[in-house]
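>>> The following comprises the amino acid sequence and a computationally predicted model.
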Amino acid sequence: MRRLRQSDLEAYLDEALPPEEMARVELALRKDRELVRRLAAIHARRDAGVHTLGEIWRRHRLTCPTRDQLGNYLLGAMPREAADYVDFHLRVIGCRWCQASLTDLERQQAETQEVTQVRRRKFFQSSAGYLRPE
Ligand SMILES: [Zn+2]
C-alpha cells in the first residue's frame, strides 16, 4: 500500500477524497497510531488558524452524525461499524458540536431515567397498597 502523504490526510479531513480513498485512509488510521497522531496534528494546526465559527461549522458539519444517530450511539443501539465511525468522529476528529450534542443527550437521558424511576416507584407503592392483605 502506498504510504499516505500529508496531502492525503488534508484531503481526508476535508472529505475531499473519493469514497474508496476515504475508506482506505480510515482503515489505515485504525491500524496506525502514528497516522492518527499526524492527522490530529493537522487538525490542531488548522484549528489554531481558524477564526470564524462559519469555517469550523462548514468543516465539521459535513460528516456529523444526526442527533438520532447520536442518541442510538449513546444507547448502544447502533451497528458496530456506524458506532466506530461516531467514535472516530467524536474522539479523533473531536467534533465540538457532536460532543456538545452528546452531553446534552446524556443529560436528557439521565433526566428521563429519573422520571421513569420515580413513576415506577410510585406505581409499585400504590400497587403494594392494593396488594397488601387486609
Ligand atoms: Zn460532528
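Perfect, I can see it now.
>>> When you work out contacts or count neighbours from here on, use the C-alpha atoms and nothing else.
Will do.
>>> how about the strand or helix carrying residue 29: buried residues?
Element membership for residue 29, per DSSP states H and E: helix 19-31. Counting neighbours by 16 or more other Cα atoms under 10 Å, one finds that the buried residues in helix 19-31 are 22, 25-26, 28-29.
>>> Turn these into TSV, columns for pLDDT and distance to the ion.
Listed next are the buried residues of helix 19-31 as TSV, based on pLDDT from 0 to 100; distance: Cα to the ion, whole Å:
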residue	pLDDT	distance to the ion
22	85	17
25	89	19
26	88	16
28	90	21
29	88	18
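>>> what does stretch 108-115 rub up against?
Outside stretch 108-115, not one residue touches it by Cα atoms under 8 Å, 6 or more residues apart in numbering.
>>> gap between it and the chain center?
Computed by Cα atoms, centre = their mean, to the nearest Å, the chain-centroid distance of stretch 108-115 equals 20 Å.
>>> cool, and stretch 21-41?
17 Å.
>>> Dihedrals phi and psi, residue 18?
With angles defined as degrees, to the nearest 10, residue 18 sits at phi -60, psi 150.
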